[in-house]
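S.K.: Attaching a predicted model along with its sequence, questions to come.
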Amino acid sequence: MADGPTYHRIADLLREEIRAAKWKPGDRLPSHSELADQMQVSITTARNAIQVLVTENLVYTATSRGTIVRNQEVLESVVTDSIRPDRPQTPHDIFEEIARAAGREPSKEFSAKMEPASPEVATWLGIPPESWVLARTVVQFLDNEPWSWEVSFYPRDLAEATGIDSPHDIPEGTTRRLADRGHAETAHRDTLVARPASAEEALVLGVATGTILLDHLRIGATHERVTRATRHRSLATGNRLAYELGDAEGTAVIRTTLANPPGSGSA
């Protein structure tokens, strides 16, 4: 190991082992106490070494599983797919479709509750502050790794009228549920910001406070009203968002071109 503080030298060693594929995505690194014993250092030194790798987004910590090596693959999400009029009917929401297309295993932690609208949420939905809204929260995982934190807000009357006030997740997704119940969204406004993670966001997503996130806000509406505001936060280094605008034929040309770059050997 190179010169420097002991915890940096241990982090350097673990980093090289990860890069050399001794530790693969999903593998559990030694616990703080195991690492301390192996390296003949204090638990504090071992913990500091692991924190260096957390800050670099090479690993994340899971309460029940310890320190896990992150998958470094960048996942592309075409965020306009969920609102395409020709989107194929499937029993899965857009997150599961994206994950399975990438060969990853999706899972979720879901919760829902009625709560008073904050001034920010009230502005998004165009309702009086403190009005009741349904907040549907989903923490999404890929291969058990935290991937995103999504919270969607709906006016109470709309949530009750369409059945999305269910205490359970909706397999086909709320966009389809709204459409099926006569509230198909016809317009969307997306805002995307890259910013440091707060302490709460860091805890949920298994990253270090200050890690750069993609904060994506989508507001949807029918011709009559705003239907929802969805806030989706994910790790910037592991995600790439794409938009596809225009007709189906032109979109197909772009997709085919990107799937068959020059020299790839594909017809």
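M.R.: Sure, I can see it.

S.K.: going forward, measure contacts between C-alpha atoms and count neighbours the same way
M.R.: Will do.

S.K.: following the helix or strand where A122 lies, which helix or strand comes up?
M.R.: Using DSSP states H and E, A122 falls within helix 119-125. Next in sequence after helix 119-125, counting helices and strands by DSSP H and E, comes strand 132-142.

S.K.: Can you name every helix or strand that that next one contacts?
M.R.: strand 106-116, strand 145-155, helix 156-162 (3 or more C-alpha pairs under 8 Å, 6 or more residues apart in numbering; DSSP states H and E).

S.K.: follow-up on the earlier one: who's in contact with the helix holding A122?
M.R.: P128, P129, E130, S131, F153, Y154, P155, I219, V226, T227, R228, A229 (C-alpha atoms under 8 Å, 6 or more residues apart in numbering).

S.K.: For these, give me JSON lines that also has distance to V54.
M.R.: Shown next, in JSON lines, are those (distance: C-alpha to C-alpha, whole Å):
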{"residue": "P128", "distance to V54": "41"}
{"residue": "P129", "distance to V54": "38"}
{"residue": "E130", "distance to V54": "38"}
{"residue": "S131", "distance to V54": "40"}
{"residue": "F153", "distance to V54": "31"}
{"residue": "Y154", "distance to V54": "35"}
{"residue": "P155", "distance to V54": "38"}
{"residue": "I219", "distance to V54": "33"}
{"residue": "V226", "distance to V54": "39"}
{"residue": "T227", "distance to V54": "38"}
{"residue": "R228", "distance to V54": "34"}
{"residue": "A229", "distance to V54": "31"}
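
S.K.: quick one: which two of those residues are the most distant?
M.R.: E130 and I219 (18.9 Å; C-alpha to C-alpha).

S.K.: Of those two, give the one with the bigger neighbour count.
M.R.: I219 (20 against 13; other C-alpha atoms under 10 Å).

S.K.: which residues does the closest residue to the more buried one other than its chain neighbours form a beta bridge with?
M.R.: Of all residues not flanking I219 in the chain, A229 sits nearest, at 4.4 Å (C-alpha to C-alpha, 6 or more residues apart in numbering). For A229, the beta-bridge partners are F153, I219 (DSSP bridges).

S.K.: Now do the contacts for A229.
M.R.: Counting by C-alpha under 8 Å, 6+ apart, the residues that A229 touches are V121, W124, L125, S152, F153, Y154, L217, R218, I219, G220.

S.K.: ok, and the most crowded of those?
M.R.: For these, neighbours tallied by other C-alpha under 10 Å; top is F153, 27 neighbours.

S.K.: need the strands for the protein, in chain order.
M.R.: 59-62, 66-69, 75-78, 106-116, 132-142, 145-155, 187-196, 212-221, 226-235, 239-242 (DSSP state E).

S.K.: How about residues contacting the last one?
M.R.: It stands for strand 239-242. Applying C-alpha under 8 Å, 6+ apart, the set of residues contacting strand 239-242 is V74, L75, E76, S77, V78, V79, T80.

S.K.: mind running it again at 7 Å?
M.R.: V74, L75, E76, S77, V78, V79 (C-alpha atoms under 7 Å, 6 or more residues apart in numbering).

S.K.: List the buried residues for that strand?
M.R.: N239 (16 or more other C-alpha atoms under 10 Å).

S.K.: so where's the protein shaky on pLDDT?
M.R.: Along the chain, segments meeting pLDDT under 70 span 1-4, 86-92, 264-267.

S.K.: repeat that for 80
M.R.: Confidence mapping of the chain against pLDDT under 80 gives the ranges 1-4, 63-64, 81-94, 172, 263-267.

S.K.: Mark out where each domain of it begins and ends.
M.R.: 6-69, 75-259 (the TED database).

S.K.: State the distance from L245 to V133.
M.R.: 31 Å (C-alpha to C-alpha, to the nearest Å).
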